[in-house]
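In: Build me a structure from this.
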Amino acid sequence: MGIAVIMAGGFGKRLWPESRLNHPKQFLSLKNRESLIQSVYRRSTRIFGVENTFIVTRRELKEGILSHLPRLSSQYVIDEPMGRDTAPCIGFAAIWIRKRKGDLPMVVLPSDHLIEGEDKFKRVMEVAIKQAERGHLVTIGIRPTRPETGYGYLQLGEKIEELSGIPLYKLERFTEKPSQKKAKEFFESKNFLWNAGMFAWYPGVILEEIKKYLPPLYEGLKKIEEALGTPDESEVIEKVYPELPSISIDYAVMEKTKKAVVIPADFYWDDIGDWQALERIFPKDEKGNIIRGVVKEIQTTNSTFINGEDKILAAIGLSNVIVVNSEKGLLIVAKELSQKVKNLVDEMLKDEDLKKYVE
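Out: This is a model prediction of the structure:
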């Protein structure tokens, strides 16, 4: 059917202190006992097979990924020397796959999203691969269920056709995270989808588009590709990769290419991008609180308490707050500011005395 490449090098700063540099979001178990990386790997191997499912990740996460995925052989892990955003990550995976497996259709999947409805997911992947076989760059969109400001959006162009009951559209444009007013307009227009960061294409096609729109990235990737399988492989990767432009695949290619098509997905999807998003997956008690772990509260409403430590978390008289207690830190944040946790983490990463609490 094709090759699945799971991107697992991200961080998930907005879910600190549970998500950290060396224990990122994809290692968390948010809704069930499976971690997010375990869920996407199980889903991918059922469709593509163990022999056609690869993980691309930061080198320092490789050991953790192998411990989460005991069925995964280390030869199926494509390890980046460092994180350089999604365009270098995807380009690196594309040359790696082309060198070792051939120019086969390649599906790119994030490792840290929540997906339900696996039969529907498989059907969308099958249609995506059929479109990739026609030379398209396929991106998967999710129909919005609310005016969300935390996601990027895809504007639908004209309808191309329908395959297996699934419509396909030209991609009109990408839009980054909008204001509340714009998000409301997008939601009401019915002509925008959430950008799920899932793609399908041939390695050769995406590399040609990288060559067209970001030549410095392509030139670096070609140097690495020429060294793959030779005695110079490690040395060339170590030298060239850190110099690759750090940019997302959306900015680098998808906003510019004429080959993009969009498939609206009909399976359940959620990014769970910050702690407030837990309200969409966990039930609330009669006071509107979400409680996980050993917690005792009185006179407290509309709040979230996550206690991962072996001691009680007690609260009195609070409202609309999020409290997360972890081995690396204690987070207390007003609900409406939960997206700002990323800013807090960025500040801690700059401070040598505090950096250890984020690693």
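
In: Okay, and the beta partners of the residue nearest the centre of the chain?
Out: Geometric centre of the chain, nearest residue: residue 110, 3.6 Å, by C-alpha atoms, centre = their mean. Going by DSSP bridges, residue 110 is paired in beta bridges with residue 7.

In: per-residue confidence at it?
Out: Listed pLDDT for residue 110 reads 96.

In: Residue 149 now?
Out: pLDDT, read off for residue 149, is 87.

In: Can you tell me the SS state at it?
Out: Using DSSP: H, G, I helix; E, B strand; the rest coil, the secondary structure recorded for residue 149 is coil.

In: Number of residues surrounding it?
Out: Neighbours of residue 149 under the rule other C-beta atoms under 10 Å: 14. The C-beta positions use only the backbone N, C-alpha and C, and glycine is treated the same way.

In: and what of residue 235?
Out: Other residues close to residue 235 by other C-beta under 10 Å number 11.

In: Quick check: closest non-adjacent residue to it.
Out: residue 227 (7.8 Å; C-beta to C-beta, 6 or more residues apart in numbering).

In: how far away is that neighbour from residue 80?
Out: Relative to residue 80, residue 227 is positioned 15 Å away (C-beta to C-beta, to the nearest Å).

In: Tell me which of those two has more neighbours.
Out: Ranked by neighbour count (other C-beta under 10 Å), residue 227 and residue 80 place residue 80 first, with 23 against 18.

In: next one: phi and psi at the more buried one?
Out: With angles defined as degrees, to the nearest 10, residue 80 sits at phi -80, psi 140.

In: For it, give me its contacts.
Out: 9, 56, 57, 58, 59, 88, 89, 92, 241 (C-beta atoms under 8 Å, 6 or more residues apart in numbering).

In: what pLDDT does the last one get?
Out: The confidence metric pLDDT takes the value 97 at residue 241.

In: okay, now it: neighbour count?
Out: Residue 241, neighbours per other C-beta under 10 Å, totals 18.

In: I'd like the numbering to begin with 15 instead of 1 from here.
Out: Sure, I'll start numbering at 15, so the last one becomes residue 255.

In: The residue nearest to residue 249 reaches residue 253, doesn't it?
Out: No: Residue 241 is not in contact with residue 253 according to C-beta atoms under 8 Å; the separation is 9.5 Å.

In: So which residues of the stretch 115-264 of the chain form helices?
Out: Using DSSP state H, counting those that start in this stretch, the helices of the stretch 115-264 of the chain run over 132-146, 194-203, 217-227, 229-241, 247-254, 263.

In: can you list these in TSV and add distance to residue 323?
Out: Formatted as TSV, the helices of the stretch 115-264 of the chain follow (distance: least, C-beta to C-beta, whole Å):
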stretch	distance to residue 323
helix 132-146	34
helix 194-203	35
helix 217-227	44
helix 229-241	43
helix 247-254	39
helix 263	38
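
In: Tell me which of the ones you listed is the most buried.
Out: Mean neighbours per residue, mean count of other C-beta atoms under 10 Å, is largest over the helices of the stretch 115-264 of the chain for helix 263, with a mean of 25.

In: model confidence over the helix or strand following that helix, on average?
Out: With elements assigned by DSSP states H and E, the helix or strand that comes after helix 263 is strand 274-279. Taken as a whole, strand 274-279 carries a mean pLDDT of 96.

In: Provide the contact partners of strand 274-279 at residue level.
Out: With C-beta under 8 Å, 6+ apart, strand 274-279 has contacts from 134-135, 138, 141-142, 145, 150-157, 168, 170-171, 174, 180-185, 207, 210, 268.

In: before we move on, the earlier item: tell me which entries of the contacts of residue 94 lie within strands.
Out: Among these, the members falling in strands (DSSP state E) are 70, 71, 72.

In: Please name the residues that touch the last one.
Out: It refers to residue 72. Contacts of residue 72 by C-beta under 8 Å, 6+ apart are 23, 93, 94, 96, 97.

In: and if you look at the first one?
Out: Shown in contact with residue 70 (C-beta under 8 Å, 6+ apart): 19-23, 91-94, 103, 106-107, 110.

In: who wins for neighbours among those residues?
Out: residue 22 (30 neighbours).

In: residues near the residue lying closest to it once chain neighbours are set aside, how many?
Out: Closest residue in space to residue 22, ignoring its immediate chain neighbours: residue 125 at 3.9 Å, by C-beta to C-beta, 6+ apart. Neighbourhood size, residue 125 [other C-beta under 10 Å]: 27.
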